[in-house]
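Trainee: sequence unknown, structure follows:
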């Protein structure tokens, strides 16, 4: 049962344009949603998060939008830069069976073309 | 933020042997997680290791196969026991920051032959 899904395995965007990465979840008990970036041979790096009580959070070029009714969140990167090329994971966190845990999506590989 | 180191960074092991992975954090943290990332796949939670209590394992992972120690608030180990080629993966530890964000170690790349 995949509770967090990223349906696009890859995305290519021209430098300077907007990158939009999408994520869907099924469990309405999640209370935080997070985005991570991962380069090869490194651990994931935290990018931005949003609480379930908000619908938008912005940090520089990165904005995360949360639509609770649709159980959908998205990460907008604008303007996109070649250094943004990486695999992006969304994650959802909450208490399940008495334990606080994080569930990750399958990742979207972003390629920003110069 | 937290700085996390893992040892070893990579290893090639023979079938049937065991490997212990160490995770060191530069600050005291309560919650620590161990993940596995198999080739081309997402991060799968193996277990949650909170200091002072037994590790909590996810479905599909058992203590006999993946024993975990958490002797203090800055250190943990994960052992992959009686390894098979299916255990070839990247193993990652992580801790939780003050705003629910997670910080990850660089990972241990394990190849079982």
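Mentor: Received the coordinates, thanks. It should be emphasised that the depicted structure is a prediction, and the values quoted were computed from it without experimental measurement. Numbering: from 1, shown residues only, chains lettered A, B, ... in the order given.
Trainee: how far does whichever strand or helix holds residue A:11 sit from the chain's center?
Mentor: Assigned by DSSP states H and E, residue A:11 belongs to strand A:10-14. On the basis of Cα atoms, centre = their mean, to the nearest Å, strand A:10-14 sits 15 Å off its chain's mean C-alpha point.
Trainee: neighbouring strands for that strand, and are they parallel or not?
Mentor: The strands that strand A:10-14 pairs with in its sheet are strand A:108-113 (parallel) (by DSSP bridges).
Trainee: pLDDT averaged over the strand it pairs with, what's the number?
Mentor: Mean per-residue pLDDT for strand A:108-113: 96.
Trainee: with stretch B:82-92 instead?
Mentor: 96.
Trainee: name the nearest residue to residue A:83, ignoring sequence neighbours.
Mentor: Distance criterion Cβ to Cβ, 6 or more residues apart in numbering or on different chains; nearest residue to residue A:83, sequence neighbours excluded, is residue A:112 at 7.7 Å. To be clear about C-beta, it is placed using only N, CA and C from the backbone, and glycine gets the same treatment.
Trainee: now for the one you found: which residues touch it?
Mentor: Residue A:112 makes contact with A:12, A:13, A:14, A:15, A:19, A:80, A:81, A:82, A:83, A:84, A:85, according to Cβ atoms under 8 Å, 6 or more residues apart in numbering or on different chains.
Trainee: among these, which one lies nearest to chain B?
Mentor: residue A:85 (17.4 Å; Cβ to the nearest Cβ).
Trainee: ok, the closest one touching residue A:110?
Mentor: Yes. Using Cβ atoms under 8 Å, residue A:85 makes contact with residue A:110 at a distance of 6.0 Å.
Trainee: what residues does chain A put near chain B?
Mentor: Residues of chain A found near chain B (Cβ under 8 Å from any Cβ of the partner chain) are A:32, A:34, A:36, A:41-46, A:49, A:89, A:91, A:93, A:99-107.
Trainee: so what's the residue nearest to residue A:17 when sequence neighbours are not counted up against?
Mentor: Of all residues not flanking residue A:17 in the chain, residue A:80 sits nearest, at 5.7 Å (Cβ to Cβ, 6+ apart). Residues in contact with residue A:80 (Cβ under 8 Å, 6+ apart) are A:13, A:14, A:15, A:16, A:17, A:18, A:19, A:110, A:112.
Trainee: quick one, phi/psi of residue A:80?
Mentor: Backbone torsions for residue A:80, taken as degrees, to the nearest 10, come to phi -70, psi 150.
Trainee: same question for residue A:83.
Mentor: Main-chain torsions, residue A:83, degrees, to the nearest 10: phi -70, psi -10.
Trainee: what about it, neighbour count?
Mentor: 9 (other Cβ atoms under 10 Å in any protein chain shown).
Trainee: nothing else from me, thank you.
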